[in-house]
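1. For reference, the sequence and a predicted model appear below.
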Amino acid sequence: MNLVIKKDQWINLAIIATTLWFIWFAQTHLDDYSIRILNNIAIFIILAVSYNLINGVTGQFSLEPNGFVAVGAYVAALLLLDGDAKEYQYDITAPYPWVLTLQANFLWAIFFAGLFSSLLALALSFPVFRVRGDYLAIVTLGFGFIIRILAINNPEITNGSLGLNDIPEFSNLYWTGGTALVAVIVILNIVNSKFGRAMKAVRDDEDAAIAMGVNTFKVKTLAFCTSAFLEGVGGALLAALLTSISPDLFTFFFTFQLLIIIVLGGLGSTTGAIIGTILVIGGSEWMRFLDEPMNFGFVETPAMPGMRMVVFSIILIFVMLFAREGIMGKRELKDLFKKRGDS
């Protein structure tokens, strides 16, 4: 038993060391375009593993990520922009005086983005978790729409539909990749803890979990708030990467994209969420050549904008046909190593 634990620890240390080396190598040796793609992948890994915690591990069909990501992005943007930059941008109406006084460095902006999203999730958990299943999905879907509408209709804070521009660009692979690594470690520790086992019990049979004495409201609220915190952090990193945000960025398509990622990777699998992110976010960029003219020697095809999404959709269909539970199912990377060792 001790040998298994030591083996797992060595595997985890090797993965962490390899990830840190890759972050350093990519940031110092790759071109700007490749780094940009990797930054996007790292941010979406944070969002995917956090979304998977509430949807896959706890089994609550929630459709709220775009709302919490938007909150985190706007909080970070307001803290990173100085008073002069804010006053210059607000064309629809003058900002509130307190908006101009908001200021913090990047680390604090990330923290407050996550904290504000988490506190909002805590407040929402009381009405949200009074329902289950499809009704829960509808309630959380409405929350995402409400946040977007509030962003549009409160120009004194968010600059309305024009959004916020000239946000200082802080996100690099050290920030995005490092935060993604921390997020994955935190999520895995939660999943493998006592609370993680309670979350899985709620997912498998909530009524049975209640009968066994599990405080299901507490468990679901913890998962919801943890997920919201990391989604707020991801929103802050996204704002500092794009340097410009607007309500149109946080539509339901944002949530739908994350839902595709965690379903493709395997609901309940953190490893699957990472793999799904790489395939969906990275794959959509790496297949851009399909949109361009191609010469096969015997035939030349014209430019076909959107062809990469057609091919990508076909690939997704085949993957889901032959892997009904996603690529990883509910398994993690360590389970693959154990399986090999047992055989």
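-> Good, I have the coordinates.
2. Going by C-alpha atoms from here, please, whenever you check contacts or count neighbours.
-> Noted.
3. What helix or strand is Ile149 located in?
-> helix 133-153 (DSSP states H and E).
4. And Trp21, by the same measure?
-> Short version: Trp21 belongs to helix 2-29, going by DSSP H and E.
5. same for that helix, what does it pack against?
-> On a contact count with 3 or more CA pairs under 8 Å, 6 or more residues apart in numbering; DSSP states H and E, helix 2-29 meets helix 173-191.
6. who's in contact with the closest residue to Val184 other than its chain neighbours?
-> Nearest non-adjacent residue to Val184, counting by CA to CA, 6 or more residues apart in numbering: Val49, 6.8 Å away. Neighbour list for Val49: Ala183, Val184, Ile187, Ile262, Thr270, Ala273, Ile274 [criterion: CA atoms under 8 Å, 6 or more residues apart in numbering].
7. if you set the cut-off to 10 Å instead, what comes out?
-> 55-57, 180, 183-184, 186-188, 227, 230-231, 258, 261-262, 268-274, 277 (CA atoms under 10 Å, 6 or more residues apart in numbering).
8. Give me the next element, helix or strand, following the helix or strand where it lies.
-> Using DSSP H and E, Val49 falls within helix 32-52. Moving toward the C-terminus from helix 32-52, the next helix or strand (DSSP H and E) is helix 65-80.
9. After that following helix, which helix or strand is next? Please name it.
-> By DSSP H and E, the next helix or strand past helix 65-80 is helix 83-89.
10. Averaged pLDDT, that next one. What do you get?
-> The average pLDDT for helix 83-89 rounds to 83.
11. for it, packing partners?
-> Counting contacts by 3 or more CA pairs under 10 Å, 6 or more residues apart in numbering; DSSP states H and E, helix 83-89 is packed against helix 65-80, helix 97-101.
12. Identify whichever of those lies nearest to Glu285.
-> helix 65-80 (21.4 Å; CA to CA).
13. okay, the angle between the closest one and helix 32-52?
-> 120 degrees (axes from the mean of the first three to the mean of the last three CA atoms, to 10 degrees).
14. helices and strands around helix 65-80, which ones?
-> Using 3+ CA pairs under 10 Å, 6+ apart, helix 65-80 is in contact with helix 32-52, helix 83-89, helix 97-101, helix 106-128, helix 133-153, helix 155-158, helix 216-242, helix 252-265.
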